[in-house]
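# give me the fold of what follows.
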Amino acid sequence: MIKVCLADNHPVTHFGVKSYFKDHDDISIVANVGNFTMVKDILQTKDIDILILDLELEGLASIFEVKSILKTFPKTKIIIFSNLSEQMYAPNAIKAGVSGYIHKTEKLETLGISIIKVHEGKIIINETVRKNMALIAKQSKSERLYRKLSNREIEVLRYLSDGKKNNEISKILNLNEKTISTYKLRLLTKLNVTNLVDLVNKAKTLEII
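Sure, this is the predicted structure:
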């Protein structure tokens, strides 16, 4: 039996996933948590094969924290289950070491199949994302520029789009405010815009956020 922990902010997600897998032959939801601190507590006390994780989980400020979880608990594999854009977030998540990225618009049947495949050692991402990752190296510099954003730049962009100020972002990510300003400048340069409004609008157009 594959032991699964679901980490998500939304009770309706917990109810739906737990109900769907209640009588599953191969998968057992052994833990449900609603914030990132609880994730670490559960992994320290239970043997979890697969962690299903929402990137917007309360307390999860950075993809680097996901990387840290994988390093601390190497026997646990992670599947991202999120509403965030696969096109932008899946490649970076895979690079961080997660084993799968499933968008929440997918059927729970797809999630179940993915859990089994990841448990078998496979990497699961959308076929379109897989093809796009393969094509990136063949694209011109201008075409792939926005795809070359670092994990940190994506995180800063996400918080900027939520209306947060540099000092607020610096506290969330535990970084110097000048560092956040540097990331903001890089984002403006990479996305070829001159102000925050255009930066956020272009990021939405490109489905980065």
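
# run through the neighbouring helices and strands of the helix or strand harbouring Lys95.
Lys95 is part of helix 86-96, with elements assigned from DSSP states H and E. If contacts are counted by 3 or more C-beta pairs under 8 Å, 6 or more residues apart in numbering; DSSP states H and E, helix 86-96 sits against helix 63-72, strand 77-82, strand 100-103, helix 127-136, helix 151-161. C-betas here are computed from N, CA, C, even on glycine.

# could I get the ones you listed as TSV with mean neighbour count?
Listed next are the helices and strands packed on helix 86-96 as TSV, based on neighbours: other C-beta atoms under 10 Å:
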stretch	mean neighbour count
helix 63-72	16
strand 77-82	24
strand 100-103	22
helix 127-136	13
helix 151-161	20
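
# of those, which shows the lowest average pLDDT?
Mean pLDDT per stretch puts helix 127-136 lowest among the helices and strands packed on helix 86-96, at a mean of 68.

# domain ranges for the protein, per the record?
The chain breaks down into these domains under automatic domain parsing: 2-132, 141-205.

# can you tell me which of the ones you listed the model trusts least?
Across the domains of the chain, domain 141-205 has the smallest mean pLDDT, namely a mean of 85.

# in the protein, which residue is closest to the centre?
Computing the C-alpha centroid of the chain and ranking residues by C-alpha atoms, centre = their mean puts Leu55 first, at 4.0 Å.

# can you tell me how far that one sits from Ser62?
Leu55 is 10 Å from Ser62, where distance means C-beta to C-beta, to the nearest Å.

# likewise for Glu177?
For Glu177, the distance to Ser62 equals 16 Å [C-beta to C-beta].
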